[in-house]
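> coordinates only, no sequence provided:
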């Protein structure tokens, strides 16, 4: 292809999944790894596929990815997470998309298939789970959110006939580790947006989320996985707001005492 592609991968202690990710994008013109100081074999595996490995202290998802854009040499960037992969048709689909002579298109969106404990979950709001991942380097930046940030571009966003495969929940133990980390990020985001802790919201939001995920968005159609995810989502909200309250207490303790 005449137009070249950079693949951007944020990493942190992902030795179990990173090889599958790298294998699925090894055809790209360059692979950029932005690592948050992994302590396992992540970087040893990454070095088999690329020399473009950089390390930055993790502050939030958006900032980490935006910092890495400057390391990308090519006009188009495809961002993929270390627990995701692409199918064999990805090279042809992506190359065709960036070769299009349409200056109005700044980004392509694509659906993500979320696999939970080994099975694709199709309901509960998890499909199509649109992701904005292929974009022009000089146009796209992630919005400054602590977690679940999305790319922002000034121009048109078109749909790409490609699905991202997400193995983000291979086992419950890993997900519980993520729960502690992501609820902290979520609380930080709420605090940054100056949202105050509300006991009414804290009490009502979790059961409402459970009902939404399991009943309204038909999570029940995914069997026990659907119920697990609905409960997990409710716990996520409950803990995020509990940690928001904890932040408010810590901030109060740190502030100068009034006379």
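Everything's here; your move. Everything numeric here is computed off the predicted structure, so don't read it as measured data. Numbers count the residues shown, from 1 in each chain.
> show me where the stretch 151-259 of the chain has its helices.
In the stretch 151-259 of the chain, the helices defined using DSSP state H, counting those that start in this stretch lie at 172-192, 199-211, 223-254.
> same thing with the stretch 1-150 of the chain?
Counting by DSSP H, counting those that start in this stretch, the helices of the stretch 1-150 of the chain are 18-25, 42-46, 61-69, 90-99.
> which of those sits closest to residue 33?
Evaluated over the helices of the stretch 1-150 of the chain, closeness to residue 33 peaks at helix 42-46, with 4.9 Å, by Cβ to Cβ. C-beta: built from backbone N, CA, C; applies to glycine.
> can you tell me how far residue 44 is from residue 136?
33 Å (Cβ to Cβ, to the nearest Å).
> buried stuff in stretch 79-95?
Neighbour counts over stretch 79-95 (16 or more other Cβ atoms under 10 Å) mark 79-86, 90-91, 93-95 as buried.
> for stretch 94-112, that is, sorry about that
The neighbour-count check on stretch 94-112 (16+ other Cβ under 10 Å) flags 94-95, 97-98, 105-112 as buried.
> in this structure residue 205 contacts residue 242, no?
No. In this structure residue 205 lies outside contact range of residue 242 using Cβ atoms under 8 Å: 11.3 Å.
> distance of residue 148 from residue 20?
To residue 20, residue 148 is 23 Å away according to Cβ to Cβ.
> any low-confidence regions in the stretch 1-150 of the chain?
The stretch 1-150 of the chain contains residues with pLDDT under 70 at 1, 101.
> where do the strands sit along it?
5-11, 30-35, 53-55, 76-79, 84-85, 105-110, 112-116, 119-120, 131-136, 141-142 (DSSP state E, counting those that start in this stretch).
> need the helices of the stretch 151-259 of the chain in a markdown table with mean pLDDT, can you?
A markdown table is the format used below for these (pLDDT from 0 to 100):
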| stretch | mean pLDDT |
| --- | --- |
| helix 172-192 | 92 |
| helix 199-211 | 98 |
| helix 223-254 | 96 |
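> nearest to residue 71, of the buried residues of stretch 79-95?
Among these, and counting by Cβ to Cβ, the member closest to residue 71 is residue 79, at 12.4 Å.
> just grab the bridge partners of the closest one for me.
Counting by DSSP bridges, residue 79 is bridged to residue 8.
> contacting residues for it?
Contacts for residue 79 (Cβ atoms under 8 Å, 6 or more residues apart in numbering) come out as 7-10, 65, 133, 151.
> residue 46 now?
Counted by Cβ under 8 Å, 6+ apart, residue 46 has contacts 9, 11, 18, 22, 33, 35, 53.
> how about residue 47?
Residues in contact with residue 47 (Cβ under 8 Å, 6+ apart) are residue 53.
> so residue 238 sits against residue 204, correct?
No. Contact criterion Cβ under 8 Å: residue 238 and residue 204 do not qualify, at 10.7 Å.
> between the two, which one's more packed in?
residue 238 (17 against 12; other Cβ atoms under 10 Å).
> look up the closest residue to residue 164, ignoring the ones flanking it.
Computed as Cβ to Cβ, 6 or more residues apart in numbering, the closest residue to residue 164 that is not its neighbour in sequence is residue 112, at 4.3 Å.
> isn't that neighbour right next to residue 132, touching?
No. With contact defined as Cβ under 8 Å, residue 112 does not reach residue 132; the gap is 10.6 Å.
> residue 230 reaches residue 124, doesn't it?
Yes. Using Cβ under 8 Å, residue 230 makes contact with residue 124 at a distance of 6.3 Å.
> find residues that contact each of those two.
213-214, 219.
> got the buried residues for stretch 165-177?
Result for stretch 165-177 [16+ other Cβ under 10 Å]: buried residues 165-169, 175.
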